[in-house]
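**Student:** any chance you can model this:
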Amino acid sequence: MPQVVISYAGYLRASTHAEPEVSVTGDRAKVSVAVRGKTLALAFQLRRREWALDSAELRCGEQARTFGRRELTRAVAALLAA
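**Tutor:** Just a heads-up that it's a prediction; the model follows:
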């Protein structure tokens, strides 16, 4: 398991008090956490032997909102918003 993926999973666990799901397949990884009917999924990709956050997507039913790499705090805030 890549360390950066573990670190982001820990951040989500601490921020949401929910247990994230982590999956790694080849050069891609995904960390997702669900809170009150919303799911935040972080996508990672291995580039030049380094894992990096690629994007974050917040889903609520059929609606989805995508956040860039530098918007993780906003994505978590939107997840936790009522």
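**Student:** touching the strand or helix carrying residue 77 from outside, list them.
**Tutor:** In this assignment (DSSP states H and E), residue 77 forms part of helix 72-80. Contact partners of helix 72-80, identified using CB atoms under 8 Å, 6 or more residues apart in numbering, comprise 11-12, 15-16, 33, 35, 38, 40, 42, 53, 56, 58, 65, 67. C-beta here means a position set from N, CA and C on the backbone, and glycine is covered the same way.
**Student:** same thing but 10 Å
**Tutor:** 8, 11-12, 15-18, 33-36, 38-42, 53, 55-60, 65-68, 71 (CB atoms under 10 Å, 6 or more residues apart in numbering).
**Student:** pLDDT weak spots in the chain?
**Tutor:** Within the chain, the stretches with pLDDT under 70 are 82.
**Student:** would you map the helices across the protein?
**Tutor:** 3-16, 72-80 (DSSP state H).
**Student:** so which of those gets nearest residue 46?
**Tutor:** Each of these was scored for nearness to residue 46 using CB to CB, and the closest is helix 3-16 (10.0 Å).
**Student:** ok and the closest one relative to helix 72-80, angle-wise?
**Tutor:** Inter-element angle recorded for helix 3-16 and helix 72-80: 40 degrees (by axes from the mean of the first three to the mean of the last three CA atoms, to 10 degrees).
**Student:** in helix 3-16, which residues are buried?
**Tutor:** 5, 8, 9, 11, 12, 15, 16 (16 or more other CB atoms under 10 Å).
**Student:** residues in contact with the fifth one?
**Tutor:** When you say that, I think you mean residue 12. By CB under 10 Å, 6+ apart, the residues touching residue 12 are 18-20, 22, 31-33, 35, 40, 42, 72, 75-76, 79.
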